[in-house]
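Q: next input, structure requested:
(2 chains, ligands or ions: 1)
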Amino acid sequence: MLSQDERERYDRQILIKGFGEEGQAKLKKAKVFIAGAGGLGSVTATYLAAAGVGVIRLVDHDNVELSNLNRQVLHWDEDMGKKKADSAAEKLKRLNPGLKVEAVKEKISQANISQLVAGFDLIVDAMDNLPTRYLMNKVAIEMKIPFFHGAVHGFEGRAMTIIPGETACLGCVYRGAIAEGKFPVLGVTPGVIGCIQVTEVIKYIVGIGQLLTNRLLVYDGLNMKFSEFKVKRDPNCEYCGHSRGKESR
Amino acid sequence: MSVKINLASSLHHLTNDQAVVEVNGNTIGQCLEQLIARFPRTRKRLLEKNGALNRIINIYINGESVSPEGLATAVKDGDEFHIEVIISGG
Ligand SMILES: [Zn+2]
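A: The predicted structure follows:
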């Protein structure tokens, strides 16, 4: 049930066809895991907080640096040196006091990932490297937690929604890894891709629309083009190939 | 078979800023070899040293993904390729 205050706060989205108070109540119950409080994390956390999800667990072990501020819009000049998870959590609570936000200042690893995501309804990929993405993809499939992929570089972005056991996963699309570290990026690129991820998350929770599954969305801001590629589940995928075998038995 | 190869923006500097290159070949692999013959600097990005498709490259034919083992796949006249490079920033 929604309070009078909540009815008013979310009035404009409750008005959307297929959304209603029922959709809002689903958002209120949702527990969202966001991996990373950087460019994508700032945008996804902000819009999910504003939209009224119940719980956000935001995981990031980094501190805010000056060179983050062109894109990581939850961190401000005054936050330099603070833990990103804390800086973000503080803003999110001010944006929406109804939100329960948990700031986790840990590095996501093989050792802690299952424990970190346990009990959460979905995982938002706001990471800055492929090895951790593959790790999250693996755990998402094992624990059957939907995984909302996003990545950015320069003016370019990618997004795809993964429903474990049903749709192509990250391993069906990507195989390699690229050197980690400093990458070029315009602030608005994670803005665009993060908003696409949040659109997907909200649709998934509310249960409306068509998800970005078995399709990789490719955004090219420099030429202002959105392309879409069909992606098939790879029967030999090292992450989801096995679960497919189990289903067909 | 005449096919059109659309290159990701991040590869254009290797093809004299050409976004689309037309090649002739019977398989995906042959088409890539032609592209590389015309723009030799693309080889290092597209292929591993052993000739396999570079792990950071994704190929799509007519909008559908092609498996990395699919270089021998036959192509038809008018097919359209997209060559994309994976990205990992956040
Ligand atoms: Zn897979």
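Q: buried residues in the helix ranked longest in chain B?
A: Longest helix of chain B, by residue count under DSSP state H: helix B:28-38. In terms of neighbour count (16 or more other CB atoms under 10 Å in any protein chain shown), helix B:28-38 has its buried residues at B:28-36. In short, each C-beta sits where N, CA and C put it, glycine included.
Q: and the contacts of that helix?
A: B:3, B:5, B:21, B:23-25, B:42-43, B:46-47, B:59, B:61, B:66, B:70-73, B:75, B:81 (CB atoms under 8 Å, 6 or more residues apart in numbering or on different chains).
Q: need the buried residues of helix B:28-38 in a markdown table with pLDDT, can you?
A: Shown next, in a markdown table, are those (pLDDT from 0 to 100):
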| residue | pLDDT |
| --- | --- |
| B:I28 | 94 |
| B:G29 | 93 |
| B:Q30 | 95 |
| B:C31 | 96 |
| B:L32 | 95 |
| B:E33 | 95 |
| B:Q34 | 96 |
| B:L35 | 97 |
| B:I36 | 97 |
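Q: nearest to the ion among the residues you listed?
A: B:I28 (21.4 Å; CB to the ion).
Q: per-residue pLDDT, A:A177?
A: pLDDT, A:A177: 82.
Q: do a quick rundown of the helices in chain B.
A: With DSSP H as the criterion, chain B has helices spanning B:28-38, B:43-46.
Q: would you format those helices as TSV with distance to A:G38 included?
A: Shown next, in TSV, are those (distance: least, CB to CB, whole Å):
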stretch	distance to A:G38
helix B:28-38	35
helix B:43-46	27
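Q: so where do the strands sit in chain A?
A: Along chain A, the segments classed as strands by DSSP state E run A:31-35, A:55-59, A:100-104, A:122-125, A:147-153, A:156-162, A:215-220, A:225-230.
Q: looking at those strands, which is closest to A:E238?
A: Among these, strand A:156-162 comes nearest to A:E238, with 14.5 Å by CB to CB.
Q: given that closest one, what are its sheet partners and their directions?
A: strand A:147-153 (antiparallel), strand A:215-220 (antiparallel) (DSSP bridges).
Q: out of those strands, which is the most enclosed?
A: Each of the strands paired with strand A:156-162 was scored by mean neighbour count; the highest is strand A:147-153, a mean of 28, by mean count of other CB atoms under 10 Å in any protein chain shown.
Q: how far out from the middle of the chain is it?
A: With CA atoms, centre = their mean, to the nearest Å as the basis, strand A:147-153 stands 7 Å off its chain's centre.
Q: same check, this time on stretch A:186-197
A: Distance, centroid of stretch A:186-197 to centroid of chain: 11 Å (CA atoms, centre = their mean).
Q: circling back to that earlier point, quick one, which of the helices of chain B gets closest to A:L48.
A: Once the helices of chain B are compared by CB to CB, helix B:43-46 is nearest, at 36.4 Å.
Q: need the contact partners of that closest one.
A: With contact meaning CB under 8 Å, 6+ apart, helix B:43-46 is reached by B:11, B:14, B:32, B:35-36, B:53-54, B:56-57, B:83, B:85.
Q: looking at the residues you listed, which one is closest to A:G23?
A: Closest approach between the contacts of helix B:43-46 and A:G23, by CB to CB: B:V85, at 37.7 Å.
Q: show me the beta-bridge partners of the closest one.
A: Beta-bridge partners recorded for B:V85 (DSSP bridges): B:I57.
Q: right, and it touches B:H12 too?
A: No. Judged on CB atoms under 8 Å, B:V85 makes no contact with B:H12 at a distance of 11.2 Å.
Q: of those two, which one has the most company?
A: Neighbours per residue, other CB atoms under 10 Å in any protein chain shown: of B:V85 and B:H12, the larger number sits with B:V85, 19 against 13.
Q: per-residue confidence for the more buried one?
A: Reported pLDDT for B:V85: 93.
Q: and it, how far is that from the ion?
A: Counting by CB to the ion, to the nearest Å, the gap from B:V85 to the ion is 20 Å.
Q: just the strands in chain B please.
A: Going by DSSP E, chain B shows strands at B:2-7, B:20-24, B:57-61, B:64-65, B:80-85.
Q: want to throw the ones you listed into TSV with distance to A:E22?
A: Formatted as TSV, the strands of chain B follow (distance: least, CB to CB, whole Å):
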stretch	distance to A:E22
strand B:2-7	43
strand B:20-24	48
strand B:57-61	39
strand B:64-65	37
strand B:80-85	39
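Q: closest one to A:R215 among those strands?
A: Here strand B:64-65 is closest among the strands of chain B (CB to CB), at 10.1 Å.
Q: list the helices and strands that closest one packs on?
A: Under the contact definition 3 or more CB pairs under 8 Å, 6 or more residues apart in numbering or on different chains; DSSP states H and E, strand B:64-65 sits against strand A:225-230.
Q: export the strand it packs on as CSV, just CAs?
A: Output of strand A:225-230 as CSV, limited to C-alpha atoms (Å, rounded to 0.1, in the frame of the first residue of the first chain):
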residue,chain,number,x,y,z
LYS,A,225,22.9,6.4,-33.9
PHE,A,226,21.2,3.7,-32.0
SER,A,227,21.8,0.2,-33.5
GLU,A,228,20.5,-3.1,-32.3
PHE,A,229,21.9,-6.5,-32.9
LYS,A,230,20.2,-9.8,-32.4
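Q: quick one: residues contacting A:D60.
A: A:D60 neighbours (CB under 8 Å, 6+ apart): A:36-38, A:41, A:83-85, A:88, A:104-105.
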